[in-house]
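**Student:** Here is my input, please return the structure:
(4 chains, ligands or ions: 6)
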Amino acid sequence: MTADLSVRIGDLTLRNPILTASGTFGYAAEYETMVDFNKIGGIITKGISPEPRLGNPQPRIWETESGLINAIGLDNVGVEDFEQSKLDYLRKIECAVIVNFFAETAEGYAKLARTLGAMAGVDALEANISCPNVKAGGREFGVDPVAAAEVTIASREATNCPLIVKLSPDVSNIGDIASAVADAGADAITVANSMPAMAIDIESRRPRLSFGRGGLTGPAIRPIVTRLVYESAQATDIPIIASGGASTWRDVVEFMLAGASVVQAGTINFVNPRASVEMAEGLETYCRQSGINSLTQLIGAVDMP
Amino acid sequence: MTADLSVRIGDLTLRNPILTASGTFGYAAEYETMVDFNKIGGIITKGISPEPRLGNPQPRIWETESGLINAIGLDNVGVEDFEQSKLDYLRKIECAVIVNFFAETAEGYAKLARTLGAMAGVDALEANISCPNVKAGGREFGVDPVAAAEVTIASREATNCPLIVKLSPDVSNIGDIASAVADAGADAITVANSMPAMAIDIESRRPRLSFGRGGLTGPAIRPIVTRLVYESAQATDIPIIASGGASTWRDVVEFMLAGASVVQAGTINFVNPRASVEMAEGLETYCRQSGINSLTQLIGAVDMP
Amino acid sequence: MPTLNRIRLEAVEDAGGGCLRLVCAPASLIAPMPGQFYMVRGPWEADPLLPRPFSIARFRSFKNGQIQLEFLLRIIGRGTRLLGTARAGSELDVLGPLGIGFEQPPGDSAWMVAGGIGIAPFPALIDAIATPKRKLSLLVGARTEAEIPGFNDFAANLTGGVEIATDDGSAGFAGTVVDLLASRLDRASDQTPSQVYVCGPHAMMEAAAAVCMDAGIPCSVSLEAPMGCGMGTCRGCVIRTFRNTNFTICTEGPVTDANVIWSEQNSQ
Amino acid sequence: MPTLNRIRLEAVEDAGGGCLRLVCAPASLIAPMPGQFYMVRGPWEADPLLPRPFSIARFRSFKNGQIQLEFLLRIIGRGTRLLGTARAGSELDVLGPLGIGFEQPPGDSAWMVAGGIGIAPFPALIDAIATPKRKLSLLVGARTEAEIPGFNDFAANLTGGVEIATDDGSAGFAGTVVDLLASRLDRASDQTPSQVYVCGPHAMMEAAAAVCMDAGIPCSVSLEAPMGCGMGTCRGCVIRTFRNTNFTICTEGPVTDANVIWSEQNSQ
Ligand SMILES: Cc1cc2nc3c(=O)[nH]c(=O)nc-3n(C[C@H](O)[C@H](O)[C@H](O)COP(=O)(O)OP(=O)(O)OC[C@H]3O[C@@H](n4cnc5c(N)ncnc54)[C@H](O)[C@@H]3O)c2cc1C
Ligand SMILES: Cc1cc2nc3c(=O)[nH]c(=O)nc-3n(C[C@H](O)[C@H](O)[C@H](O)COP(=O)(O)OP(=O)(O)OC[C@H]3O[C@@H](n4cnc5c(N)ncnc54)[C@H](O)[C@@H]3O)c2cc1C
Ligand SMILES: Cc1cc2nc3c(=O)[nH]c(=O)nc-3n(C[C@H](O)[C@H](O)[C@H](O)COP(=O)(O)O)c2cc1C
Ligand SMILES: Cc1cc2nc3c(=O)[nH]c(=O)nc-3n(C[C@H](O)[C@H](O)[C@H](O)COP(=O)(O)O)c2cc1C
Ligand code: FES
Ligand code: FES
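**Tutor:** Numbers count the residues shown, from 1 in each chain, chains lettered A, B, ... in the order given. Ligands and ions are numbered 1, 2, ... in the order given. Alright, predicted model coming up:
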């Protein structure tokens, strides 16, 4: 007997709760030979913008203790080329295809949501309102409940496609933002994104990244994100998607106990391209061995004092 | 020729910019055989409260990737016993003695600041308005500019002793809080404290710490704190004291380039009790070899794009 | 008085029962007391971050004043796994000796009760308290036979014998080592020990302490908790005693009379 | 097609010049092309986090189809330091072969220009392009003699000779290896190479490319940038070409014609 690991986000059913995180899995084709897409819940594309973007100059990444700081600058092919050159492949793979997107204004989000949401092969949208790595990457939306709700409402009205909103981690009360976004009509919330961070080369006295700052990801931030997931889950009933530092199936279970329904594998794809499959397989084995036949037995089941 | 590494915090002159962080160095006597107090700028005591506190039950610490989560619960001897049993020793050591303290109300802070500030041998006070590990640990003050200013004003009026205010890292705009606290009369600002975090034991389904949540410290958080230091230094002219993840003299230089005047050695004391001395010595050598004869050549000297 | 030293690892040996022995090169160190411990860290980067506490399992003093340390450890997590893969010749950072060790037994017989890797501090204890007159016994418990570390290398002075307890009955007494302790105390009333030393999981030590208290025998335990500093500063290892006071394991322990933690009643 | 494999480390050898050679145990792998690279990670915890990119330095194909990989590396930071302390018998995670490697030279002579550890991919290249007719030369530059890795083990096929340049003049030509390249091109106009292969620091490769362009000689460079994934997904290694387009080093490179990056002008 295999456990039923399926989860729902709006109308979309995921085979299992493992997604690959935006910006860490390209447009999926890159990992074709390495990852059996049948084994994971879905993939999230690199963030798509209205126009193609070259991104920031070198250097774009810098490693810190158990973490990675990046300021890629949302280097992406743009919505037009995405449809023309990436979507055909994505239509063929047998897991959910979620498109991450961002714009500079609420109307920009709405427009892109409408366009992307109407494309055959796009199963859900993830609105990134929390990118720290570009001057206008939506971050101002992610730290304010009112602005976050505005973007959500605008995107929601523009499409029937399941809508996920991806929040910023650098807030004092993520619960307020989570519930504002939920009330505004999001189907799920991703908690969270990279943490605004910085590293400086003491020889040159310049930041390690050309952009100056960047976003910290990887195992270093997982304990912070676990707390954010817990707080978000306390504040809203819509599914929480954990994103930040998950490396193994144990981390997946931990995030689920904290309140996540779904977990993204991000930076760990770079360490081990098969990580997402190993997480899904590990979760399956764990559930089977522990007699868990529905993920509802795990989600939010932490026994807090 | 040795470089002049001295820095000033209000009326207090530190021999060099290395302090040991509150809660990671006890009341100094514990490290007597290990650390030459003549070699560092000063020590900060464990946080002192109006009454003695036993702290939280076991478990109180949990290690994560390059980080440590603690929820000690401000286990401390209380102000009375501090004066009676700890201060005599502290009066004898030849570096600055800074007393970290916290209370539950602005009046509580003021009262404690008055008492502690009047004690001979206390060179400066550090008001902790950011402890995530107790139900009333001041954290509500640390995330709101108005409340932070209130506590600062109350403490400032109560004592002439140099006053440092220690801020929370989990805010969207630390600059606002830094400048509010500076305007309210603080002599310096510590940026920051442990990051609210959480870890769960997937076997027992209980948090790894008895308190539920805890604070993440250590190298994992340094890139986040570096960014917070930079933002704080942009917002105010009073000295910034960096606290979060410093491990080596290179990290000290990095924090100073970002805008710190002083750097605290915290969790690294557990990894290497001599870390603070090694940082001070390394900084000295670095300055000498780089022809730096005043720290003003380093502080805030990052060349941002 | 603890010092921090970087010591070369001379050998990493299989100690049986899924345990391994780290043998350090002789170095100019302060001699530990049995029951004291060290915070040990290998030559890796920031993960794992903290050093790990290990009891001194055995040590030798050389004529030139140098001391050779030996640790016995069970691989249970990330730190111990990495220590297990350390290459002879690599260096360890070793902070210690730390805490309070075992005292001499008040009389001519003593029993040591080990739960699993709780056996670790006993070789050094035996070396320190063995006299021609003293009858020393070791009781070792484990879930199953395969998890019992070897003890032949230090069994010579165990004139009172060694007894094994396994939860699954795969070797020796079938049951916990505390059950074995209780039954042996019943059995051997003529030779009641003057002191019982216990090291193992917290709950096992509490149970053993209760058995000793009932029998009116002094009981020393070697306590365990996650440790950050080993020096009394982080407050990570602090436990609450029955008096609702704090007990700092790393400085007031790890070895203490069981009554300090669990019972007002003095066993005398 | 890259695969991810856990391979046993057979030996860690001193390669001279402060460099070391990692020799992997033969395994069932896809044979790489010279100039391709692997993302390599040792058996440690989460710090360092990412695997590190290393060019294939040399490889052997065995009759049973197994492939033995060899890497040549300079210890410059945390990851390479840990790899240097890895114990023979320990395991490496190796992702590859990745990217685009070197092409055969269009004619009968080729020069390889190495800046420091930029020598790494050339043993494999020499193995692949050496023919009895071809004259192959190696130009190696370093700051000082002590930093030049040994090359005797692969010098046999360098029928065009080996020349050394040191910034401090401690061995061979006094100056940069690009100066050496330029002066040799002047000197040896009769034997102008059909292809120059360059590997070294970014600025050195750009300068070497300019020299080749002036001389009208095709120039291949092996580019370098911090890499996260090696698979084109993280976008960490992307550089801007002179056309203001993006070039993804890990998938479109690391080896490319210099003109793709720096100049419109075609060298032909
Ligand atoms: C005073 C003292 C003496 C000890 N002596 C020995 C000995 O001689 N031989 C031996 O094998 N073990 C001994 N231990 C237990 C040993 O310290 C742990 O097994 C070890 O820290 C586990 O580290 P890890 O990284 O492999 O495990 P992980 O589970 O990966 O460690 C994670 C964290 O939990 C802590 N931790 C996990 N288990 C324990 C535990 N049982 N006790 C304390 N902290 C724990 C670790 O220190 C670390 O911070 C002793 C413990 C103490 C307190
Ligand atoms: C395609 C390619 C092939 C390479 N082949 C070799 C080789 O065969 N032999 C060899 O010795 N080196 C080679 N390098 C360089 C090698 O990857 C770096 O020296 C190594 O990553 C440094 O790691 P570290 O942890 O020791 O240094 P650290 O400085 O501690 O690393 C910190 C971070 O910076 C990155 N980084 C630091 N220096 C470099 C650099 N020069 N290039 C790219 N990233 C860097 C690291 O990947 C890491 O993310 C190659 C690089 C690339 C891109
Ligand atoms: C190199 C890189 C690029 C990223 N690009 C995007 C992006 O385009 N859009 C987005 O919403 N998040 C992006 N992220 C954030 C990840 O999707 C993820 O939320 C974050 O990395 C935290 O998870 P992790 O610790 O598992 O990596 C990026 C992260 C990395 C490391
Ligand atoms: C075990 C522990 C106890 C601490 N106790 C206190 C405290 O009592 N008061 C306080 O202001 N900060 C306390 N801190 C926070 C530290 O002073 C410091 O700000 C934090 O650890 C970040 O720095 P680090 O990463 O260098 O450790 C404590 C930290 C740790 C790890
Ligand atoms: S281990 Fe830090 S106080 Fe005991
Ligand atoms: S290394 Fe990730 S895109 Fe090239």
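
**Student:** for the longest strand along chain C, packing partners?
**Tutor:** Counting by DSSP state E, the longest strand found in chain C is strand C:3-16. If contacts are counted by 3 or more Cβ pairs under 8 Å, 6 or more residues apart in numbering or on different chains; DSSP states H and E, strand C:3-16 sits against strand C:19-24, strand C:67-74, strand C:91-98. Glycine gets a C-beta too; all of them are placed from N, C-alpha and C.

**Student:** I'd like these as a markdown table, with distance to C:Gly200, mean neighbour count and mean pLDDT appended.
**Tutor:** Below are these laid out as a markdown table (distance: least, Cβ to Cβ, whole Å; neighbours: other Cβ atoms under 10 Å in any protein chain shown; pLDDT from 0 to 100):
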| stretch | distance to C:Gly200 | mean neighbour count | mean pLDDT |
| --- | --- | --- | --- |
| strand C:19-24 | 14 | 22 | 96 |
| strand C:67-74 | 12 | 22 | 97 |
| strand C:91-98 | 20 | 22 | 97 |
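
**Student:** quick one, which of the ones you listed is nearest to B:Gln297?
**Tutor:** The closest of those to B:Gln297 is strand C:91-98. By Cβ to Cβ, the value is 33.6 Å.

**Student:** what sits up against that closest one?
**Tutor:** Strand C:91-98 is touched from outside by B:272-273, C:2-9, C:22, C:24, C:30-33, C:36-43, C:51, C:53, C:56, C:69, C:83, C:86, C:230-231, C:250-251, with contacts defined as Cβ atoms under 8 Å, 6 or more residues apart in numbering or on different chains.

**Student:** could you flag which of those residues are buried?
**Tutor:** Buried by 16 or more other Cβ atoms under 10 Å in any protein chain shown: B:272-273, C:2, C:5, C:7, C:9, C:22, C:24, C:32-33, C:36-43, C:51, C:53, C:56, C:69, C:83, C:86, C:230-231, C:250-251, out of the contacts of strand C:91-98.

**Student:** Is C:Thr233 part of a helix or strand, or is it coil?
**Tutor:** For C:Thr233, the assignment made with DSSP: H, G, I helix; E, B strand; the rest coil gives coil.

**Student:** Kindly report the same for A:Arg250.
**Tutor:** helix.

**Student:** And the residue of chain A closest to ligand 5?
**Tutor:** A:Pro223 (19.6 Å; Cβ to the nearest ligand atom).

**Student:** Does stretch A:113-131 reach ligand 3?
**Tutor:** Yes - Stretch A:113-131 reaches ligand 3 (Cβ under 6 Å from any ligand atom) through A:128, A:131.

**Student:** Which stretches in chain C count as helices?
**Tutor:** C:78-85, C:122-129, C:177-187, C:202-215, C:249-252, C:258-262 (DSSP state H).

**Student:** can the first one be found next to chain D?
**Tutor:** By that I understand helix C:78-85. Yes - Helix C:78-85 is in contact with chain D by Cβ under 8 Å from any Cβ of the partner chain, via C:78, C:82, C:85.

**Student:** Now render these as a markdown table, adding neighbour count.
**Tutor:** Shown next, in a markdown table, are the residues of helix C:78-85 next to chain D (neighbours: other Cβ atoms under 10 Å in any protein chain shown):
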| residue | neighbour count |
| --- | --- |
| C:Arg78 | 17 |
| C:Leu82 | 20 |
| C:Thr85 | 17 |
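
**Student:** where's the dip in pLDDT among those?
**Tutor:** The member of the residues of helix C:78-85 next to chain D with the lowest pLDDT is C:Thr85, and it reads 88.

**Student:** ok so, going back, got a list of contacts for the host helix or strand of the residue of chain A closest to ligand 5?
**Tutor:** Element membership for A:Pro223 (DSSP states H and E) is helix A:222-235. The contact list for helix A:222-235 (Cβ under 8 Å, 6+ apart) reads A:167, A:169, A:173-176, A:178-179, A:182, A:189, A:191-192, A:195, A:240, A:242-247, A:251, A:254-255, A:258-260, A:300, A:302, B:64-65, B:67, B:69, B:195-200, B:213, B:216.

**Student:** Out of the residues of helix C:78-85 next to chain D, which is nearest to ligand 3?
**Tutor:** C:Arg78 (18.8 Å).

**Student:** Please give me every residue in contact with the residue lying closest to that closest one once chain neighbours are set aside.
**Tutor:** Spatial nearest neighbour of C:Arg78, excluding adjacent residues (Cβ to Cβ, 6 or more residues apart in numbering or on different chains): C:Pro48 at 5.1 Å. Residues in contact with C:Pro48, defined by Cβ under 8 Å, 6+ apart, are B:63, C:78-79, C:82, D:45.

**Student:** which of the contacts of helix A:222-235 count as buried?
**Tutor:** Buried among the contacts of helix A:222-235 (16+ other Cβ under 10 Å): A:167, A:169, A:174-175, A:178-179, A:182, A:189, A:191-192, A:195, A:240, A:242-247, A:251, A:254-255, A:258-260, A:300, A:302, B:64-65, B:67, B:69, B:195-200, B:213, B:216.

**Student:** Just the ones in helices from the residues you listed, please.
**Tutor:** Counting by DSSP H, the buried ones among the contacts of helix A:222-235 contribute A:174-175, A:178-179, A:182, A:251, A:254-255, A:258 to helices.

**Student:** and which of those is nearest to D:Ile164?
**Tutor:** Using Cβ to Cβ, these come closest to D:Ile164 at A:Asp251, 50.5 Å.

**Student:** Go ahead and confirm that closest one touches A:Gly245.
**Tutor:** Yes - if you go by Cβ atoms under 8 Å, A:Asp251 and A:Gly245 touch, sitting 7.0 Å apart.
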